[in-house]
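# Below is the sequence, then the predicted model.
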Amino acid sequence: MSSPTRATGGPPDRSSRWRIPLPHSPAAVPLARETIRDILVGLGQADGPETDTAELLTAEVVTNAVEHTPGGPIELSVELLPQGFQVEVHDPGQEVPDGFTRLIPVQSAVPGDVPLAELAEGGRGLLLVRALSVSSGCRLTGTGKAVWFTLP
């Protein structure tokens, strides 16, 4: 795998951001999982619960982008924050996923917050994102939307 492109130069620090283009196909999912793991391991967060959770949640959000949006560019963005990191997946869709409210982050959501009927045929992946992340949300962009989550 080639190294992700960093948006900032120099050695990794707590203000680094990576932007990685992904194919709009199922091949994006393993690529995104590998990329997030490589970034976090490279920053000294070797295989641990945060890395495993980041990999799982990234795969869920990328899968949602591939399965539920029209063809077009998908981008994985990882930003280090003062306390943890944020992962965003940008896609060309304009629909806000069930369980997310436009522009309003969901803080430590409880699985019971989502009606079971909404989970009958899908939505379980985003329920995991809401339940396992510190915060998560969706915002519309000029070219689609960004679904994001933060982890410590």
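Received it, and whenever you're ready, just let me know what you need.
# what are the ranges of the helices in this structure?
28-42, 49-68, 124-132 (DSSP state H).
# Could you list the low-confidence segments of the chain?
1-15, 46-47, 99, 101-123 (pLDDT under 70).
# where along it do the strands fall?
5-6, 17-22, 74-81, 84-91, 106-107, 135-141, 144-151 (DSSP state E).
# Pipe those into CSV and attach distance to Ile39 and mean neighbour count per row.
Any C-beta I mention is one placed from the backbone N, CA and C, and that applies to glycine too. CSV is the format used below for these (distance: least, Cβ to Cβ, whole Å; neighbours: other Cβ atoms under 10 Å):
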stretch, distance to Ile39, mean neighbour count
strand 5-6, 9, 13
strand 17-22, 6, 18
strand 74-81, 5, 19
strand 84-91, 8, 23
strand 106-107, 24, 16
strand 135-141, 19, 18
strand 144-151, 12, 22
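# Out of those, which gets nearest to Gly125?
strand 144-151 (10.6 Å; Cβ to Cβ).
# And Ala146, how far from Val87?
Distance of Ala146 to Val87, given as Cβ to Cβ, to the nearest Å: 10 Å.
# Mutual contacts of those two, please.
Residues touching both Ala146 and Val87 by Cβ atoms under 8 Å, 6 or more residues apart in numbering: Ser77.
# And the strands of the chain: which comes nearest Glu67?
strand 84-91 (10.4 Å).
# still on that earlier bit, can you convert the helices of the chain into TSV and add a column each for distance to Pro82 and mean neighbour count?
Formatted as TSV, the helices of the chain follow (distance: least, Cβ to Cβ, whole Å; neighbours: other Cβ under 10 Å):
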stretch	distance to Pro82	mean neighbour count
helix 28-42	16	18
helix 49-68	15	19
helix 124-132	21	20
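# Redo the ones you listed as CSV? Include distance to Leu76.
As requested, those are exported to CSV (distance: least, Cβ to Cβ, whole Å):
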stretch, distance to Leu76
helix 28-42, 5
helix 49-68, 7
helix 124-132, 14
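# Please verify my assumption that Leu56 contacts Val129.
No: contact criterion Cβ atoms under 8 Å: Leu56 and Val129 do not qualify, at 9.0 Å.
# Appreciated, that's everything.
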